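Asker: Can you look at this prediction? I've put the sequence above it.
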Amino acid sequence: MDAIANVATSSSQKSRHVGRRAQTTRGSDLLQQATRILDAARLVELGGRAGLVMYATGLEKKTANRLYRQLRGAPSPPGQSPFTDTWFLGSDIRMLHATIVWRLHRRLTNTGRGAAWMLITVYALYRCFVRQPVLDLTHAAFVPSLVDMDVWEERPCTYCGEFYLAPLESNDDQCPGCRLYHRYRCRQCGGPINARHRGRPRLTCGQCE
């Protein structure tokens with residue numbers, strides 16, 4: 001009888017242990033799901049489409065689309081994510097802002113946080129640092145991918161010494177910030193010059209010429 005009682009007690013203890021472990025697992029899963037939903041809602045508020053939300057949070061496509069519709073009152077607009085850097089290369093302003101986003105992303109890389117948190121934090125900081133953001137959430141999310149795919153690299157600017165992003169095959173040696181500065185300033189004396197909208201840009205002012 002004592003043996004039977006011991007077996008029964010042991011079985012009861014194991015059952016309670018398994019039950020607590022299962023309850024903890026369910027609680028953890030519920031917390032992770034709630035975190036994903038909150039991150040997804042924040043991404044939608046920042047301008048993310050359902051595809052980007054699904055990619056960053058790991059939510060199912062149906063859930064991401066339904067959440068977008070509930071928050072925006074309309075379905076997520078169609079369209080693919082960027083897959084080339086053509087749009088960025090069309091403007092020094094865009095490349096300058098891409099460098100800002102990359103620097104923010106690099107500073108937060110070692111925090112151990114998830115992709116959704118990283119994107120939300122980087123884009124929120126980016127919008128705080130610049131007066132007029134030119135990158136939407138989709139393009140900001142694509143910047144680290146261009147570096148990871150070895151399309152862009154970091155290189156030092158020969159004028160200010162700061163690191164900036166540039167395509168691997170380009171021969172640029174100045175950051176986009178310095179290029180924008182020298183569009184209106186003499187490279188020798190720093191005096192103002194009149195920028196030319198067409199033709200070869202001026203490098204020096206009239207006095208230095």
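Answerer: Ah, there it is. Numbering: from 1, shown residues only.
Asker: quick one: which helix or strand includes P75?
Answerer: Here P75 sits in a region with no helix or strand, counting by DSSP states H and E.
Asker: For it, grab the count of nearby residues.
Answerer: By the measure other Cβ atoms under 10 Å, the count of residues near P75 is 12. In this view, the C-beta of every residue, glycine as well, is placed from N, C-alpha and C.
Asker: same deal with D39?
Answerer: Neighbour count for D39, taken as other Cβ under 10 Å: 21.
Asker: Same question for the one 4 residues further on.
Answerer: The criterion is other Cβ under 10 Å. On that basis, L43 has 27 neighbouring residues.
Asker: what residues are up against the nearest residue in space to it that is not next to it in sequence?
Answerer: Using Cβ to Cβ, 6 or more residues apart in numbering and skipping the chain neighbours, the partner closest in space to L43 is V53 (4.9 Å). Contacts of V53 were listed using Cβ atoms under 8 Å, 6 or more residues apart in numbering, and they are A40, L43, V44, L59, A64, L67, Y68.
Asker: and what of G51?
Answerer: Residues in contact with G51 (Cβ under 8 Å, 6+ apart) are A64, S76, S81.
Asker: Buried subset of those residues as a PyMOL selection?
Answerer: Here is the PyMOL selection string for the buried members of the contacts of G51, based on 16 or more other Cβ atoms under 10 Å:
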select buried, resi 64+76
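Asker: Now tabulate the contacts of G51 in a markdown table and tack on distance to L30 and pLDDT.
Answerer: Shown next, in a markdown table, are those (distance: Cβ to Cβ, whole Å; pLDDT from 0 to 100):
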| residue | distance to L30 | pLDDT |
| --- | --- | --- |
| A64 | 19 | 94 |
| S76 | 26 | 93 |
| S81 | 30 | 73 |
